[in-house]
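**Q** coords below, sequence missing:
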């Protein structure tokens, strides 16, 4: 390794980032969180989500962006294979814990 190598973007870091993103994407997807919703979450909620997924919270948004892409891929796959057990979200009722709907005005 050269003295100017960027350790955050070498092959080992890229593999580690992808592995973490896969775990985060699985956790989010099973709760019905879309890629757009994930990317719209504030940093404090993302850190809580990562901890709930038994992952050390990523230090940058790069891992979350990868996770969002994986969620999109899984959504497309699930839509094409609705009868497969892998296309069923296991904890969709927990989405409200992470993504809160806007409050509708009552007037």
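**A** Sure, I can see it. Because the structure is a prediction, the values reported are computed rather than measured.
**Q** got the buried residues for stretch 27-47?
**A** Of the residues in stretch 27-47, 27-35, 37-38, 41, 46 count as buried by neighbour count, 16 or more other CB atoms under 10 Å. Yep, even glycine has a C-beta here, placed from its N, CA and C like the rest.
**Q** Columns distance to residue 52 on top of those, output as a markdown table?
**A** As requested, those are exported to a markdown table (distance: CB to CB, whole Å):
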| residue | distance to residue 52 |
| --- | --- |
| 27 | 7 |
| 28 | 10 |
| 29 | 14 |
| 30 | 11 |
| 31 | 9 |
| 32 | 14 |
| 33 | 12 |
| 34 | 17 |
| 35 | 18 |
| 37 | 15 |
| 38 | 13 |
| 41 | 12 |
| 46 | 11 |
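**Q** so where does the most centrally placed residue in the chain fall, helix or strand?
**A** By CA atoms, centre = their mean, the chain has its centre lying nearest to residue 25, at 3.5 Å. Using DSSP states H and E, residue 25 sits within helix 11-30.
**Q** Contacts for the helix or strand just after that helix, please.
**A** Going down the chain from helix 11-30, the next helix or strand is helix 35-40, by DSSP H and E. For helix 35-40, the external contacting residues (CB atoms under 8 Å, 6 or more residues apart in numbering) are 28, 46, 64, 65, 67, 68, 69, 71, 72, 75, 98, 99.
**Q** quick one: which of those is nearest residue 81?
**A** Minimum distance to residue 81 across these is 11.3 Å, recorded for residue 75 (CB to CB).
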